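Participant: Test case, fold it:
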Amino acid sequence: MIVRLVHMTFEKENVDVFMNIFKKYQHQIKASEGCLKLDLIQDQNQPNLISTLSFWEDEKHLETYRKSALFGEIWPLTKKLFSDTPKAISYNVLTKN
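Facilitator: Down below sits the predicted model:
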């Protein structure tokens with residue numbers, strides 16, 4: 001299993017716009033093959049710093065999603081709202097509870 005963390009910094013006036021995009025697409029993302037869980041997290045002190053935390057069966061499933069028409073629809077809508085370059089990190093899960 002892998003965990004994908006994508007840190008995004010939005011223009012303050014675009015936070016609500018992004019939240020609406022996420023609400024619109026979150027169920028479709030969660031339904032993507034190999035997606036085990038999807039969370040949206042927000043910095044407590046800077047509400048324009050938002051990250052997605054997604055859990056995938058393996059990197060193959062994540063890459064399939066990243067090459068999908070769904071991602072191709074979501075990402076252009078999202079990236080135009082940024083005030084800084086997003087940072088994405090993938091982690092291998094070493095322990096399971």
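Participant: In contact with T85, which residues are there?
Facilitator: Going by Cβ atoms under 8 Å, 6 or more residues apart in numbering, T85 touches no other residue. C-beta coordinates here come from the backbone N, C-alpha and C atoms, glycine included.
Participant: can you tell me the helix or strand for the closest residue to E33 other than its chain neighbours?
Facilitator: Distances taken as Cβ to Cβ, 6 or more residues apart in numbering place H61 nearest to E33, at 6.0 Å, with adjacent residues excluded. Using DSSP states H and E, H61 sits within helix 59-66.
Participant: immediately after that helix, which helix or strand?
Facilitator: Counting by DSSP H and E, the element after helix 59-66 in chain order, helix or strand, is helix 69-79.
Participant: Now do the buried residues in that next one.
Facilitator: Neighbour counts over helix 69-79 (16 or more other Cβ atoms under 10 Å) mark 71, 74, 78 as buried.
Participant: Next, format those as a markdown table and append pLDDT.
Facilitator: Putting the buried residues of helix 69-79 into a markdown table (pLDDT from 0 to 100) gives the following:
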| residue | pLDDT |
| --- | --- |
| F71 | 97 |
| I74 | 97 |
| T78 | 97 |
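Participant: Look at T95 and give its secondary structure.
Facilitator: With DSSP: H, G, I helix; E, B strand; the rest coil as the basis, T95 sits in coil.
Participant: burial count for it?
Facilitator: Using other Cβ atoms under 10 Å as the criterion, T95 is surrounded by 4 other residues.
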